[in-house]
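Chemist: Output the structure for:
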Amino acid sequence: MPAIKETLEYRKGRLGEILQIGMYLKFGLRIIDIGGSTNNRAPLLHHREFSLVAADGLAIRTGPAFIEFKTKQHHYEWPGSWPDDSVKVSARTEQGINLYSYRQYRAVREQTNIPFVLSFLSIEEGELICATIDDLPLPRISRNPCYELVNWDVRDFHCVSRFDPDGLERFFRDPRADRWLADLPADCKLLDMIEYLQPREQQFGPVLEHIFDQIERGWHK
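Modeler: Predicted structure coming up:
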């Protein structure tokens with residue numbers, strides 16, 4: 001069995017983290033790359049009585065926010081609830097995470113009082129979306145008891161930016177990107193990479209104001 005760092009899943013996830021860090025740097029945040037410094041283990045928030053799965057990064061403008069970077073091949077098309085489902089959810093386009101992680105992230109939010117942002121990069125749609133878990137409605141929980149997921153309508157998120165999907169696909173397939181897996185590129189290289197990918201319909205200015213104005217109002221109370 002290959003080491004996790006040798007798997008395609010790890011490669012896609014880490015490159016997605018790096019790309020998203022570059023996007024948030026471009027829009028004026030300072031990012032602590034927690035996920036890149038945990039020796040291939042999940043970041044943990046340690047308490048004297050327990051540990052919780054934490055986020056991949058800490059974003060700072062004035063007040064801080066944990067930010068979890070997710071990279072997905074595509075959004076999921078939920079066909080609608082089954083006839084025997086107790087809660088009816090109409091057909092919609094979704095993104096989600098596993099239920100265990102969601103509960104851990106909510107606990108991190110409660111233990112630290114630091115807002116927690118979920119950030120999704122969807123390659124085939126060429127879309128970067130984000131929201132704080134406080135802003136998201138209650139999720140739809142999947143029916144599969146072996147691997148429970150929580151899922152939201154993608155319209156519950158803020159669209160940060162859009163990319164050319166073909167350009168994103170080429171970026172993730174390009175073997176030259178492997179050199180960035182060991183060490184996070186310098187900020188100037190990250191920004192060059194973002195310019196190369198030519199993000200468009202950039203809405204991060206209003207999103208940044210919405211999320212971080214909320215964060216900083218609470219932080220400075």
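Chemist: Quick one: list the elements packing against the longest strand seen in the chain.
Modeler: Across the chain, the longest stretch assigned as strand under DSSP state E is strand 64-72. Here strand 64-72 touches helix 8-26, strand 57-60, strand 92-98, helix 99-112, strand 116-122, helix 204-219, going by 3 or more CB pairs under 8 Å, 6 or more residues apart in numbering; DSSP states H and E. (Glycine included, C-beta is placed from N, CA and C.)
Chemist: average pLDDT across that strand?
Modeler: For strand 64-72, mean pLDDT is 94.
Chemist: Helix or strand next in line after that strand, which one?
Modeler: Where DSSP states H and E defines the elements, the next helix or strand beyond strand 64-72 is strand 76-78.
Chemist: Direction included, what does the longest strand of the chain pair against?
Modeler: Here strand 64-72 has these sheet partners by DSSP bridges: strand 57-60 (antiparallel), strand 116-122 (parallel).
Chemist: From Pro43, how far off is Gly35?
Modeler: Using CB to CB, to the nearest Å, Gly35 is found at 6 Å from Pro43.
Chemist: what do those two both touch?
Modeler: Common contact partners of Gly35 and Pro43 (CB atoms under 8 Å, 6 or more residues apart in numbering): 55-56.
Chemist: The two - which one has more neighbours?
Modeler: Neighbour totals were compared for Gly35 and Pro43, and Gly35 leads with 22 against 19 (other CB atoms under 10 Å).
Chemist: For this protein, which helix or strand comes out least confident on mean pLDDT?
Modeler: Here the helix or strand of the chain ranked lowest by mean pLDDT, DSSP states H and E is helix 204-219, holding a mean of 66.
Chemist: how about Ile211, what does it touch?
Modeler: Neighbours of Ile211 in contact, by CB under 8 Å, 6+ apart: 65, 115, 117, 130, 132, 158.
Chemist: same check, this time on Phe212
Modeler: Residues in contact with Phe212, defined by CB under 8 Å, 6+ apart, are 61-63, 65.
Chemist: same deal with Ser86?
Modeler: Taking CB under 8 Å, 6+ apart as the definition of contact, Ser86 has no neighbours.
Chemist: do the same with Arg140
Modeler: Contacts of Arg140 by CB under 8 Å, 6+ apart are 78, 87, 89, 94, 96, 150-152.
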